[in-house]
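S.K.: Below are the sequence and a predicted model for it; my questions follow.
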Amino acid sequence: MTKVKICGLKESEHVKAAEQADAIGFVFAPSKRQVTVEQASELAKHVPVDTEKIGVFVNATIEEIEKTVMQVPLTMVQLHGDEPDELVEAIRVPVIQAFSIRSKEDVRKLENSKADYVLVDAPGTDYRGGSGRVFDWSLLQNATIDKKRLIVAGGLHAENVRAAIGQTEPYMVDVSSGVETEGRKDSEKIHKFIQQAKGGSMQETIEKKGFFGKYGGQFVPETLMKAVKELEQAYEDAKGDPEFQKEYHHYLKEYVGREQPLTYAQRLTEAWGGPKVYLKREDLNHTGAHKINNAIGQALLAMRMGKRKIVAETGAGQHGVATATICALFDLECVIFMGEEDVKRQELNVFRMKLLGARVESVTKGSATLKDAVNEALRYWVTNVEDTHYLIGSALGPHPFPTMVRDFQSVIGEETKRQILEHEGRLPDTVLACVGGGSNAIGMFYPFVKDESVKLIGVEAAGQGVDTEKHAATLTKGSEGVLHGAFMKLLQDDSGQVLEAHSLSAGLDYPGIGPEHAYLADIGRVQYKPITDEEALAAVVTFSRLEGIIPALESAHAIAEAEKAAKDMTSEEILVICVSGRGDKDMATYADKLEGLA
Ligand SMILES: O=C(O)c1ccccc1N[C@@H]1O[C@H](COP(=O)(O)O)[C@@H](O)[C@H]1O
């Protein structure tokens, strides 16, 4: 399907109108559509995480471009002047180079471009682009340029865009003047343009919403369907509402303490003797883990929906504590379901939740762990759905939960991407995160999914070994089925009964996996590796002593796999580990299992 870019956005209502576009453009060059870095940075907060944010420049210096890329931040750069090859090659994000097309001779120039993409446009009038004029598309006939690099612009609008796509078969179409009325962007024209450009496939996209390939969906009882649909609509509205995004980011900064550093791990780098190792410090968040990023987002959404009662599940207790914390902050009633086994393992977190004013319900059914806590929380939601929001803690459950949790956690990957560019001037080679349901991992991976040079590794819990019956290695050993409202990969027996998962880490012993992870595994974009309890415990000791950071047992799985991955990497390479949480909650387990230390 041809991608769509809407260029020259200056107002948040038009950024929202363009939410179905694949890319949006901010013009920093002289133009009636010019914006400052500060304006673009504010508007960028309202752009969906999977939309490219492209800055348009005309003969700017590399310093200006780099500073703008960092500050907004931008994911791509469009050069619309006479920029030399050296400048094109020096830019660290993908580059689009624009060419004015008057003749076949101009078309031949495209082939020599050093940019990732070439944009063909009519010659500018007052400014270097955005003139609203069409060039002769037939000049592109027989051009040898790779169509996967081709972007067509120049005087496009809803009525001619299908013809342009038919004649030129580009990777992307780009519009500015054609979605304006009297010099100002027009939301209705933006919608119409996107709909036309995407043609019939737009309908398909809408129908498939809530699925990642074949995974996901809304497999819930009828009694929950109304609430799920209401939530879907409410999230869609909130996602595009600048005020909601502003409030969410306000709490991330002022209450959670973001942004969190991307720390260079010097001693670990030296000890492993391979790549430069960086740590994304989710352990520094208020409450000690990444869970609060999502809890804040969902609590704000619940209040927007007029719901002031919250139910949640918790495994390791981190999500329970994050939810209880936010409920205290916003004065919401809070019930947390927690498996009896986890209540025992995570005594400290149980007390924290109670101290914060939450009611903790111990679940004795099944294996009395995370899966059973989710079951009970869902049951509670069914009977209290009118005034209660289910604040799920991982990228699990029926649509829109997996998408919503991913979006709220994507702040991890977005910050990491910006920070590594600041530290190293380029993207990392490998990024690792642990995976239970998969929320810290999907938040870290999602902003990197399109960057094919970045290897992504999810680390699941192998417990006592994947060839024993005591593990939680869903992607290594699981098969397709439905759990907690979504089609996913899970551990089950031949008759479809869900098996007990095991991991010493209470946050990873879930028998399923978020549907987006199942999809990313299928298409080979993310590799999933198992790490045993023993390997994770060894990593706890190494990491604590080399870096002075006691990691959560969950995060230690990612660290253990990182050490393995580092063996095949050189000192020229960069590896990033998501330290999803700190180990305070695991002290009793560490004291018990790390013989000789207690
Ligand atoms: O849009 C502008 O104001 C602009 C200014 C300077 C350079 C490029 C600009 N926009 C780009 O111009 C083309 C065509 O736009 P239009 O649809 O013909 O108005 C497009 O690539 C914009 O990204």
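M.R.: Yep, it's here.

S.K.: What is the longest helix seen in the chain packed up against?
M.R.: The residue-count maximum for a helix in the chain (DSSP state H) belongs to helix 222-239. Applying 3 or more CB pairs under 8 Å, 6 or more residues apart in numbering; DSSP states H and E, one finds that helix 222-239 makes contact with helix 291-304, helix 370-383, helix 401-409. The C-beta positions use only the backbone N, C-alpha and C, and glycine is treated the same way.

S.K.: so what's the one residue in the stretch 451-598 of the chain that gets nearest to the ligand up against?
M.R.: Nearest residue of the stretch 451-598 of the chain to the ligand (CB to the nearest ligand atom) works out as residue 451 at 22.5 Å. The neighbourhood of residue 451, defined by CB atoms under 8 Å, 6 or more residues apart in numbering, consists of residue 427.

S.K.: follow-up on the earlier one: any idea of the angle the longest helix of the chain forms with helix 291-304?
M.R.: Taking axes from the mean of the first three to the mean of the last three CA atoms, to 10 degrees, one finds helix 222-239 and helix 291-304 inclined to each other by 100 degrees.

S.K.: which parts of helix 222-239 are buried?
M.R.: The neighbour-count check on helix 222-239 (16 or more other CB atoms under 10 Å) flags 224, 227, 228, 231, 232, 234, 235, 238, 239 as buried.

S.K.: now the first one, nearest residue through space, not along the chain?
M.R.: Yep, that's residue 224 we're talking about. residue 382 (5.7 Å; CB to CB, 6 or more residues apart in numbering).

S.K.: Can you get me a residue count around the one you found?
M.R.: Neighbour count for residue 382, taken as other CB atoms under 10 Å: 15.

S.K.: Same question for the one 10 residues further on.
M.R.: When neighbours are defined as other CB under 10 Å, residue 392 has 28 of them.

S.K.: pretty sure it is touching residue 408, no?
M.R.: No: in this structure, residue 392 is not within contact of residue 408 by CB atoms under 8 Å, at 11.0 Å.

S.K.: Common neighbours of these two, please.
M.R.: By CB under 8 Å, 6+ apart, the residues touching both residue 392 and residue 408 are residue 298.

S.K.: Quick one: neighbours of the residue of the stretch 301-450 of the chain found nearest the ligand, just the number.
M.R.: The minimum distance from the stretch 301-450 of the chain to the ligand, using CB to the nearest ligand atom, falls at residue 450 (19.9 Å). Residues near residue 450, counting by other CB under 10 Å, number 12.

S.K.: Tell me, what's the model's pLDDT at it?
M.R.: Note for residue 450: predicted pLDDT of 83.

S.K.: Which helix or strand contains it?
M.R.: Applying DSSP states H and E as the criterion places residue 450 outside every helix and strand.

S.K.: And it, how close does it get to residue 116?
M.R.: Separation of residue 450 from residue 116 (CB to CB, to the nearest Å): 12 Å.

S.K.: for residue 322, same thing?
M.R.: 39 Å.

S.K.: now do residue 289
M.R.: Residue 289 is 37 Å from residue 116, where distance means CB to CB.

S.K.: neighbour-wise, which of the two wins?
M.R.: residue 289 (28 against 16).

S.K.: For burial, what's the neighbour tally of the closest residue to the more buried one other than its chain neighbours?
M.R.: Residue nearest to residue 289 in three dimensions, not counting chain neighbours: residue 581, with 3.1 Å by CB to CB, 6+ apart. Residue neighbour count, defined by other CB under 10 Å, stands at 27 for residue 581.

S.K.: For the lengthiest strand in the chain, what is the distance to the chain centroid?
M.R.: The strand that spans the most residues within the chain, counting by DSSP state E, is strand 455-463. In terms of CA atoms, centre = their mean, to the nearest Å, the centre of strand 455-463 is found 17 Å from the chain centre.

S.K.: how about the very next helix or strand once past it: buried residues?
M.R.: Downstream of strand 455-463, the first helix or strand assigned by DSSP H and E is helix 474-477. Neighbour counts using 16+ other CB under 10 Å place 474, 475, 477 of helix 474-477 among the buried residues.

S.K.: a markdown table for these, including pLDDT and distance to the ligand?
M.R.: Formatted as a markdown table, the buried residues of helix 474-477 follow (pLDDT from 0 to 100; distance: CB to the nearest ligand atom, whole Å):
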| residue | pLDDT | distance to the ligand |
| --- | --- | --- |
| 474 | 95 | 44 |
| 475 | 93 | 41 |
| 477 | 92 | 49 |
